[in-house]
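[1] Please work out how this folds:
(one chain, ligands or ions: 1)
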Amino acid sequence: MADPFVFAKPFLHMLDPERAHELTLRALEANLVPAQPQVDEPSIAIDLFGRRLHGPVGLAAGFDKNARVFRRMYAQGFSFVEIGGVTPRPQRGNPRPRVFRLPEDGAIINNMGFPNDGAEAVVRRLGGERPAGMLGINLASNGDSADPAEDFAGLVQRFSNYADYLTLDISCPNSANGKVFLEPARLRDLMARLGALDRGPVPPKLVAKLSPDIDDALLGQLIEVLLEAKIDGIIVANTTIERPETLRGNASMRGGLSGRPLFARSTAMLAQVAHLTGGAVPLIGVGGIASGPQAYEKIRAGATAVQLYTGLIYGGTALVTRIKRELAVLLMRDGYGTLSEAVGTARSARKVSP
Ligand SMILES: Cc1cc2nc3c(=O)[nH]c(=O)nc-3n(C[C@H](O)[C@H](O)[C@H](O)COP(=O)(O)O)c2cc1C
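    Modelled structure (predicted):
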């Protein structure tokens, strides 16, 4: 069947990006988006957080902030879906316009600042049956919160019965409290506080999402804190406030850059995190993936699984199917029977700076 996104894209891209996104969510809610073929090769199955997944491609945070369509996204080819960022109380986020397309660059700049319906509304939507696929919930503190650690503690307790993993977003460039835990001492205190919480009978994994805008020295310190606190996984990376010189579109807008121009930086950082963690925890590689070879590069740099968002804006969900097909071909080309054999294989070939 022809991909409806091919017809919808010119129309959607004439609209303001947030309006286009709202229409996309409504189409998904109304079940108007046909499912992708579920024909994953056994070779691309992975183990993540103690579960077997049919493929390594997940939906990154920010697409389904309010848990409106997560159940539909598994049929779009994702084996895991991360909803959110969710804050304790509802908030409006930054003034609009706050999302911008850079089509020549395959990129987006967003300065959303976590607009969301708040934890209670999201809990209500999560009610009912747990989806068969893996579910992650991305957590953030309110922009005006006086105690961001308290926000995270409350969110972890509130959502523990609903998710396979909870992501601590300590890397948002667009919110007043977005980056306070990029200070190692504060991160250590936060992790100690979260570690002491009762996370219920089947505790969800705790995962940290890092910013690409930190230097190697700070990265080393943060990884040390996270490993000491027995973090279960690390997501690399969030959007960047850097503006690479290669950008062709207008990049003067405020906010975090995602998509193609983020690929090189986020993949280099992923390799660095893989080196620093030495396989102690699974890594999720995200940033600029728009093809199978790029997903493969993340996996070879050390990612157990990958996520994407911006690629969908330019390629629709057929991209998810294409990535998985291409991955299966690449694994076969390189003689790997399973995807896990390929994880981190670029590391031995990579020079690590002293
Ligand atoms: C519009 C938009 C909203 C986002 N919102 C969130 C968010 O709420 N929490 C979060 O951790 N990341 C958020 N992200 C970042 C993505 O999850 C991802 O880390 C980043 O976009 C890089 O991946 P990509 O190049 O595939 O988009 C958002 C990204 C975009 C484009």
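[2] When you work out contacts or count neighbours from here on, use the C-alpha atoms and nothing else.
    OK.
[3] hey, where'd the helices end up in the chain?
    For the chain, helices defined by DSSP state H occupy the ranges 4-12, 17-29, 70-73, 119-126, 148-159, 184-195, 216-228, 263-277, 292-301, 310-315, 318-333.
[4] and the stretch 201-350 of the chain, which residues reach the ligand?
    Residues of the stretch 201-350 of the chain lying close to the ligand (Cα under 6 Å from any ligand atom) are 237-239, 258-259, 286-289, 308-311.
[5] Identify the residue of the stretch 51-200 of the chain closest to the ligand, quick one.
    Using Cα to the nearest ligand atom, Gly62 is the residue of the stretch 51-200 of the chain that sits closest to the ligand, at 3.2 Å.
[6] isn't that residue right next to Gly84, touching?
    Yes: using Cα atoms under 8 Å, Gly62 is in contact with Gly84, at 5.8 Å.
[7] Who has more neighbours out of those two?
    Higher neighbour count among Gly62 and Gly84: Gly84, with 28 against 19, using other Cα atoms under 10 Å.
[8] Would you confirm that Ile234 contacts Ala208?
    Yes: Ile234 is within contact range of Ala208, at 4.9 Å (criterion: Cα under 8 Å).
[9] Tell me which of the two has more neighbours.
    Taking other Cα under 10 Å, Ile234 and Ala208 do not tie; Ile234 has more neighbours (26 against 23).
[10] ok, so what distance separates that one from the ligand?
    Distance from Ile234 to the ligand, counting by Cα to the nearest ligand atom, to the nearest Å: 12 Å.
[11] thinking again about what came up before, got the contact list for the residue of the stretch 51-200 of the chain closest to the ligand?
    By Cα atoms under 8 Å, 6 or more residues apart in numbering, the contact set of Gly62 is 83-85, 309.
[12] nearest spatial neighbour of Glu326, skipping sequence neighbours?
    Gly292 (4.8 Å; Cα to Cα, 6 or more residues apart in numbering).
[13] Next, count neighbours for that neighbour.
    The tally of other residues near Gly292 (other Cα under 10 Å) stands at 21.
[14] can you tell me how far Glu29 sits from the ligand?
    19 Å.
[15] returning to what we had before: just the helices of the chain: most buried one?
    helix 292-301 (a mean of 24; mean count of other Cα atoms under 10 Å).
[16] That helix vs helix 318-333, what angle?
    Using axes from the mean of the first three to the mean of the last three Cα atoms, to 10 degrees, the inter-axis angle of helix 292-301 relative to helix 318-333 is 60 degrees.
[17] Would you reformat the helices of the chain as CSV and include mean pLDDT?
    Putting the helices of the chain into CSV (pLDDT from 0 to 100) gives the following:
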stretch, mean pLDDT
helix 4-12, 96
helix 17-29, 98
helix 70-73, 98
helix 119-126, 98
helix 148-159, 97
helix 184-195, 97
helix 216-228, 98
helix 263-277, 98
helix 292-301, 98
helix 310-315, 98
helix 318-333, 98
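[18] can you list these in JSON lines and add distance to Pro203?
    Supplementary listing: the helices of the chain in JSON lines, determined by distance: least, Cα to Cα, whole Å:
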{"stretch": "helix 4-12", "distance to Pro203": "38"}
{"stretch": "helix 17-29", "distance to Pro203": "29"}
{"stretch": "helix 70-73", "distance to Pro203": "21"}
{"stretch": "helix 119-126", "distance to Pro203": "17"}
{"stretch": "helix 148-159", "distance to Pro203": "10"}
{"stretch": "helix 184-195", "distance to Pro203": "11"}
{"stretch": "helix 216-228", "distance to Pro203": "18"}
{"stretch": "helix 263-277", "distance to Pro203": "23"}
{"stretch": "helix 292-301", "distance to Pro203": "27"}
{"stretch": "helix 310-315", "distance to Pro203": "31"}
{"stretch": "helix 318-333", "distance to Pro203": "29"}
